[in-house]
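# Quick one: sequence and predicted model below, then my questions.
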Amino acid sequence: MKHLFIIFAFGIFLSNCTNDDAPKEDILTGTWNVQNISGGLSGIDDDYEAGVIIWTFSAENATLSVENNNEANVIYDGLPSGNYAYSILTVEGEQFLEINGQGQFGIVLSNGQVLLDQNKTSTGTGADGFQIILVP
């Protein structure tokens, strides 16, 4: 009976172990190209070729790396090149991207692309925000 208890206790111990070495991921993890930015007060609608503006999300260290090579004269082309802290908030089943602890975007994942919508925040809807379409 003592041996059965030891085996049972050891089994429970093993079932409670987790693999903390597994890489962290979220729905944005990976490299994305900005394909289009639209909206804002002036109603812009600018398309970008792959490789012009690249956003790389790493859930492991919660960092967004932006490589903005846009040289066209536009009103708004997203974030300048650099590294930014990010987090994904979930509110009532919807997800929101927060960059550097501010500036939320609603996240819509559809057909392999991501729509980041500044008019949709965790606290309600807005107007005159930008929408950014990211593609792999």
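Received it, and whenever you're ready, just let me know what you need. Numbering: from 1, shown residues only.

# where's Gly30 relative to Ala59, distance?
9 Å (C-beta to C-beta, to the nearest Å). (Each C-beta comes from the backbone N, C-alpha and C, glycine too.)

# Hmm, Thr63 and Gly82 touching each other?
No - using C-beta atoms under 8 Å, Gly82 makes no contact with Thr63, being 10.3 Å away.

# what about these two, which has more around it?
Thr63 (13 against 10; other C-beta atoms under 10 Å).

# so who does the residue nearest the centre of the chain touch?
In the chain, the C-alpha nearest the mean C-alpha coordinate belongs to Leu28, at 3.9 Å (C-alpha atoms, centre = their mean). By C-beta atoms under 8 Å, 6 or more residues apart in numbering, the contact list for Leu28 reads Phe57, Ala59, Tyr86, Ile88, Leu97, Ile107, Val114.

# Wait, a helix at the third one?
What that stands for is Tyr86. No - in this structure, Tyr86 is strand, not part of a helix, as judged by DSSP: H, G, I helix; E, B strand; the rest coil.

# just use 119 as the starting number from now, easier for me
Sure, I'll start counting at 119 from here, so that last one is Tyr204.
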